[in-house]
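# got a sequence here, can you model it:
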Amino acid sequence: MQVLTLGLVGAIICLWFTFDAGTSIFIMLVMFLLVSYVANRVLLESSPAHFHDIDVDHDEDVIFDDEYEEGVVKSAPKRSHPGEKQSWNVPALHIRELVMPSTTSQLRKDTLQVGQELWPNSDTPVEIENEYFSGRILFLLKTEPRSPTWGQLFVGRRRLFWIQLQGKFKKQPQGIVYVGGEIPNKMKLGFFAKGLCRVLLSVINCLVVGLHNSFGRLYPGDVAAVDDEELPHLAFPLHSSVDEFICTPAGEDPPALGADGFMETREERAHRRSGKHPYEFNTHDTYSFSFFNFYLDFENWKVVNAPGVPDIHLAQFWGNMPLRIVSYSLAQPSPRHTRALKLYHFCFELTPPTSQLDSSFMRTAADVAAIDVDAEELEFLRDEQNAHTQLANELSCFVFTVPAWLEYFSTHDSAKGPGQRRVAYVFDILEYADSSRTRLKRHHVAIHGASQSHMPLTLANEHPTGDAFGKQFEFTVESKLESGAAIEKERVDMESRLVEISRDRIMATDTDGQNHWQRRSIAHLIAAKNQLKRLLTSPSTVLPYAPFFAARGLVANATQCHVVRMVRDSHWRNEWMILDTGKSKALRFFRMSSSTACVTIHVADILALSSAAALNLPATGNCNGMHWFQIETLARVHVVAVASYQEFEFWTSALAGEVDKIVADGKDVLARSVLGQPFRSIATTLGKVRHPKDVFAPTHDGRIMLNDRRIAARFGQHPSSTSTDLKRFADVCGIAEKALRMVLVLTKHPTVCLTSEVLTFLDMVSSLKRTLPLLASMQSAPPAAHRTAFFLNVYHILVLHGSFLELLPTVKPKLHWSSFYHGVSYDIAGMSLTPAEIDHAIVRASLCPLKPPFPAFVVPRFADDDPRSALKLPTADYRLDFALNCLTKSCVQVIAVFRGDDLDRQLDYICRVVLSTLMSTDSKRHVIYLPRICEWYHADFPGDDQVLSKVTTLASHLDGDIKRAVDALLSHPTKLSIKYLKYDYGYHNTIYLTGDE
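Numbering: from 1, shown residues only. Below is the predicted model:
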């Protein structure tokens, strides 16, 4: 019982610190009622119905406190003036009876009128009567000092209020009689909060049959008429949900109110609360029932006794709004409990103590929460600060990334049908012995579902110290083909925000009037950090629900098994692998619950089978028992995991054996045999079925991804200094320079280059995916010159790569120019980039956009919230316009391999080459002819708006005869005419490396 109560109340507090006050009210009410109901039900059923002595074995909420002294109970205070409210009557708390007008009244039937005021702990039961019910009520509160009349009922008990009610129905209720709570105004819950509430309510509904609730539907926003309004409420069948219930037949004496119990036996209580037997009230019998609660302190208007947190003022939940305790039935059966249908048997409205609220009713919930910050609360604040510091220190021992998301097949009870494709995230975790991070303790991979992975963000969602945590978000839990891009974006965002949470060491140390924000800030940080620590230290949460892992230890099947395949560097997928050893001799991969193969590998196309050691994945025991291996083909190196070592041995041996059978048979040509042949002859040798035209140009998210032959991700990357990161970036720049030189050779000799040479190039550009994220960091970014050189080289590698694969449009190139420059792409640091995006959104980002009439889609720009926008180069250098060569005939036939250390000189050189080649003059007609790009980019060139000023700037890059001719024409500006050459969209057959190399 204690475990259940602690767990549920802890969940309540987490929810409270997750949402704002307006959102939390309904969730808190639901959870408190759940805790109260379960606690009362279990404890009462294990105790007798009537208590004559205070006995720890018999009373469900007995505690030992200072009111017991050698078996003697302390005496209660004496009343001073019987006609006045005493302290135990809680003068600040107002309880009023609300009564429905009679049927003969001219008032609206659904309008509640204010009736008599009830005193808590009144000396005698209060008479209540309306058109539907007549009886008496005792509203008892545990107060200090104790009530002289009823105080002994609370001695040694944890209950804080106890309502006893007795009476008869004057009109027989139709259907179910409900009891519960109402709020007079509509709850405004977001989509996520409302969904969470529904989950919590479904839990309660499993325990209490007949639960009814509503978030509120008010006129005119939700319903067409006032009669159709439905107030926010949570109601239960009275008969099966109250703590005690006794029906006294007519002519017999009912139990007295104020007694220590109503003599209901344990068997009667269990039978009643099962809810399996419909109950019908009548107008003859007398009904006595009671209910109580451990957590709501109406005297101080607080939630108390919640483990691990200080008392919470109820004003934080609903401000000045009153709470109504009601019982009603419906005039006729209806799925909605509307105003017009409700017949109130009783309704008591509790208004908060006015002495603790601002009289203007304008104080916010946060202001109310700041009331009465005493020394005890400040001490609690210090304890929370210490807890936060300890958590921050513990998290400093971890270095983690979220390198991939996983689509896995779940057989969880909530999954639809036999299973469902769900989203999970892969955490690559390095755990060090201490915060110095000098000695690695463990490297492991954990896989957590989307909900668990986002939980730290949910808990930190209202962090008041910065915008990093205040962002509202939604996330995907079910994987669909069209949702891949959205999930990837969520992965990137989640990883960066989790890292921020782990690094956030902000602590509130002030003790001024902002203590409520301090408590809230620390509580959010502690909750978020605790959940993050759980993610980093707990076993993978998806294992119990994923059949892939359940297959571990089984005998390997000769034809098929569950696998996890790396679809891309940042996307893994749970698939079904089937080996066809028949005529087709192929290995096929299927998405779960799909009958169409997503990948087919002909066994003859397998070049090699090897371990995935290059990825630096942790040992099998720290990788959820997954055994990884690689299947290399010409176009792709597939990385696959099986769930056991037996399966690993079986499949690697089986596939190697199938390849050997093909060799022995001699009918099929092995792909490995074409490695020494010219690349352009592959299709002829292997055939179009095994080597389709687009095999080296796969499409991802609508783009042709050209550098995705190998998985480039590397796991277990140790933290390093800025100098080390810069060295890594320098290594990647070196790879780009080598790749550019190599692709220039390939395009120069396309018919004679060998297949093995092309595969070497493809593996080289695949490694560009490992470009460090520090490219996007302004604090530790490489110098601008090195970044500029890198992206200039990548741009030229990409367009030359597309040219080598014959993807350039040759028919009507002007019309199809855009399809190539916006269609082919490279993955750089996990981000897809096309030539047009590298050109206009990165290299030329600080320069002026293209001159109209170029449409916007020709000139892409990154939105501010696009993570690629961090790659923009800050340098506004007009020479970059000439450094970018898009291979058309209006560009020169040479390309430079740029280097950051020598970039300025290289840009001067390439400007001289381009302008000397493309500029021309006509001395007789006094005309200077400029390349068309000089008109398109005229705003980039320094000087005033006059064309002659810009031409003078360009002429400074010339030398030799062309410079003398231009200078001569510029000396007679009145006669000079400037014209632009027509742009030729055709493409050069060959591109050369500049002689500057």
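
# going by C-alpha atoms from here, please, whenever you check contacts or count neighbours.
Noted.

# got the end-to-end distance for stretch 884-900?
16 Å (C-alpha to C-alpha, to the nearest Å).

# A helix includes His345, no?
No. His345 is assigned strand when assessed by DSSP: H, G, I helix; E, B strand; the rest coil, not a helix.

# so where is the stretch 51-200 of the chain shaky, pLDDT-wise?
Along the stretch 51-200 of the chain, segments meeting pLDDT under 70 span 51-83, 103-110, 187-200.

# which residues does whichever strand or helix holds Ser134 contact?
Using DSSP states H and E, Ser134 falls within strand 133-141. Here strand 133-141 makes contact (C-alpha atoms under 8 Å, 6 or more residues apart in numbering) with 118-122, 124-129, 150, 160-171, 257-258, 298-299, 345-346.

# flag every buried residue along that strand.
Residues of strand 133-141 classed as buried: 133-141 (neighbour count, 16 or more other C-alpha atoms under 10 Å).

# max pairwise distance over those residues: which two?
Spanning the widest gap among the buried residues of strand 133-141 are Phe133 and Leu141, at 23.9 Å by C-alpha to C-alpha.

# before we move on, the earlier item: could you list which of the contacts of strand 133-141 belong to strands?
With strands defined by DSSP state E, the entries of those inside them are 118, 126-129, 161-169, 345-346.

# any of the residues you listed buried? List them.
Using 16+ other C-alpha under 10 Å, the buried ones in the ones in strands among the contacts of strand 133-141 are 118, 126, 128-129, 161-169, 345-346.

# nearest to Thr401, of those residues?
Phe161 (50.3 Å).

# now do the closest one against Ala92, distance only.
16 Å.

# does the residue lying closest to Pro942 once chain neighbours are set aside sit in a helix, a strand or a coil?
Nearest non-adjacent residue to Pro942, counting by C-alpha to C-alpha, 6 or more residues apart in numbering: Lys950, 6.4 Å away. The three-state label given to Lys950 by three-state DSSP is helix.

# so Phe427 makes contact with Gly449?
No. When contacts are counted by C-alpha atoms under 8 Å, Phe427 is not listed as touching Gly449 (10.8 Å).

# can you get me a residue count around the nearest residue to His233 once chain neighbours are set aside?
Excluding its sequence neighbours, the residue lying closest to His233 (C-alpha to C-alpha, 6+ apart) is Glu182, at 4.4 Å. Counted with other C-alpha atoms under 10 Å, the neighbours of Glu182 add up to 21.

# and if you look at Asp984?
Residues within reach of Asp984, counting by other C-alpha under 10 Å, total 13.

# show the contacting residues for it.
Neighbour list for Asp984: 888-890 [criterion: C-alpha under 8 Å, 6+ apart].

# now do it against Ser890, distance only.
5 Å.

# one more: Ser134?
Relative to Ser890, Ser134 is positioned 97 Å away (C-alpha to C-alpha).

# please apply the same query to Trp162.
Between Trp162 and Ser890 the computed distance is 90 Å (C-alpha to C-alpha).

# also Asp668?
Going from Asp668 to Ser890 by C-alpha to C-alpha gives 47 Å.

# and those two? Which one has more around it.
Using other C-alpha under 10 Å, the more surrounded residue of Asp668 and Ser890 is Ser890, with 21 against 13.

# was I right to think that one contacts Tyr983?
Yes. Counting by C-alpha under 8 Å, Tyr983 is a contact partner of Ser890 at 5.8 Å.

# where do the contact lists of these two overlap?
Common neighbours of Ser890 and Tyr983, using C-alpha under 8 Å, 6+ apart, are Pro931.

# burial count for Cys347?
Cys347 is flanked by 22 other residues according to other C-alpha under 10 Å.

# and the residue nearest to it when sequence neighbours are not counted, how many neighbours?
Leaving aside its chain neighbours, Cys347 sits nearest to Val326 (4.3 Å; criterion: C-alpha to C-alpha, 6+ apart). Val326: 20 surrounding residues under other C-alpha under 10 Å.

# quick check: which element contains Val326?
Using DSSP H and E, the element containing Val326 is strand 323-330.

# and that strand, how far from the chain's centre?
Distance, stretch centre to chain centre, for strand 323-330: 39 Å (C-alpha atoms, centre = their mean, to the nearest Å).

# mind starting the numbering at 13 from now?
Taking 13 as the first residue, the last one we looked at is strand 335-342.
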